[in-house]
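Q: sequence unknown, structure follows:
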């Protein structure tokens, strides 16, 4: 039996990825503590509209980075991965506008499609057309919104980039770190013109990955990746303890490790959201805990509806959904036409599954009752789509603190916190160095490697 031990706090995908990584060589005893009665954190799918698995949160992960697809292969899910249908999305700005071709996270790589789009006014198009001749601008502000507005003007920012990036991160892009959106940051730092840089980036991506899907998901839902990872790690020796919250970590003695739940560990990975981590670390790392307690998040609600076939307009065929820019938002922020996006989401009784998002940074939603949320969703859908739906089934999924808000200079905040952590305490997860399933997996695996090195260094 191993003489070295590591505890992991939190069985979201970051904690699970760390556990799977650490159990591979069998040299370290690994115990994973989770306060709830299941693994996966914010990743979960449940039965809906006669289907066994319809996601209640993220319905896909980025497939053009290797972290999630590699983990899926490791835990036996490679053959179950499917990809979205090749359908286009739209932006609702007074009416439905197809998203122009040639965008990179909303940044135009071509002026032609933008010029032909009814989404942007002629004044906005003229302003965007000036971008290639503008001088390089300072990035000291580290704000997505300030950067995009400075390059392309307010309309491209508001109706394309903020609508898309703001939806992905449930954020106000004026208050979100440019450095933490890798694709946009690469455009901003590597080139003077964002448009020309986006054009080169898209061309390179088309040449190297024209047959590679952008997104993927197991047929049983993204939550299946968490479940399979847990099972794989348990089979390799992980001690998984559900229903075991960790309140306070304490130091055993100077350099003698860490104690909680009546056990001593050589190292601890806290893979919990920042504010929960602050509570756990309050006794052993008060400076880090104070910084973590300042972390900001956005709450969201995801409403899933089963719409009967005879209520679904034919004119909406061929779309994956639409975004609503902030000036047009009443309650909902984005709508996914799930059945048109995923072939395996076709209800046995027919019809369509819609997933509707509410809530973002600066727009709280959790104070509303389920009845009020559903009424607002149906009112907004009627405004946008011209149809008053009478859903056959409705599910309301509430996600408090779902999205970490990476404020400008977020990386400095993380570095400052990590600099105050005592040796043997590590942080992983979406609060720190990347949002999204692949980023959380990368975080967990990277921290697991650092933890393994630390444990091996102990005499």
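A: All right, it came through fine. The structure presented is a predicted model; accordingly, all values stated were derived computationally and were not measured.
Q: residue boundaries of the helices in the stretch 101-250 of the chain?
A: With helices called from DSSP state H, counting those that start in this stretch, the stretch 101-250 of the chain shows them at 112-116, 122-129, 144-152, 154-156, 162-169, 182-190, 194-209, 223-235.
Q: can you list the domains in this structure?
A: 5-41+223-295+407-457, 99-209, 297-404 (automatic domain parsing).
Q: Turn those domains into a markdown table, columns for distance to residue 83 and mean pLDDT.
A: All C-beta atoms are positioned from the backbone trio N, CA, C, and that covers glycine. Output for these, formatted as a markdown table (distance: least, CB to CB, whole Å; pLDDT from 0 to 100):
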| stretch | distance to residue 83 | mean pLDDT |
| --- | --- | --- |
| domain 5-41+223-295+407-457 | 15 | 96 |
| domain 99-209 | 13 | 93 |
| domain 297-404 | 9 | 97 |
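Q: a markdown table for these, including distance to residue 73 and mean neighbour count?
A: As requested, those are arranged in a markdown table below (distance: least, CB to CB, whole Å; neighbours: other CB atoms under 10 Å):
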| stretch | distance to residue 73 | mean neighbour count |
| --- | --- | --- |
| domain 5-41+223-295+407-457 | 11 | 20 |
| domain 99-209 | 18 | 19 |
| domain 297-404 | 20 | 18 |
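Q: mind checking which of the helices of the stretch 101-250 of the chain is nearest residue 270?
A: helix 223-235 (17.7 Å; CB to CB).
Q: so what secondary structure elements neighbour that closest one?
A: In terms of contacts (3 or more CB pairs under 8 Å, 6 or more residues apart in numbering; DSSP states H and E), helix 223-235 is packed against helix 13-22, strand 29-33, strand 51-55, helix 66-74, strand 215-218, strand 239-241.
Q: go again using 6 Å as the cut-off
A: If contacts are counted by 3 or more CB pairs under 6 Å, 6 or more residues apart in numbering; DSSP states H and E, helix 223-235 sits against helix 13-22.
Q: Quick one: closest of the helices of the stretch 101-250 of the chain to residue 406.
A: Nearest to residue 406, of all those, is helix 162-169, at 7.7 Å by CB to CB.
Q: between the closest one and helix 182-190, how big is the angle?
A: 120 degrees (axes from the mean of the first three to the mean of the last three CA atoms, to 10 degrees).
Q: pLDDT wise, what is residue 214 at?
A: pLDDT for residue 214: 87.
Q: so who does it touch?
A: Shown in contact with residue 214 (CB atoms under 6 Å, 6 or more residues apart in numbering): residue 64.
Q: Dump the domains of the chain to a markdown table, plus distance to residue 54.
A: Shown next, in a markdown table, are the domains of the chain (distance: least, CB to CB, whole Å):
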| stretch | distance to residue 54 |
| --- | --- |
| domain 5-41+223-295+407-457 | 11 |
| domain 99-209 | 20 |
| domain 297-404 | 6 |
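Q: among the helices of the stretch 101-250 of the chain, which is nearest residue 30?
A: helix 223-235 (7.6 Å).
Q: between the domains of the chain, which one is nearest to residue 47?
A: Comparing the domains of the chain by CB to CB, domain 297-404 comes nearest, at 9.5 Å.
Q: Of all the helices of the stretch 101-250 of the chain, which one is nearest residue 396?
A: helix 223-235 (17.6 Å).
Q: I'm done for today, thanks for sticking with me.
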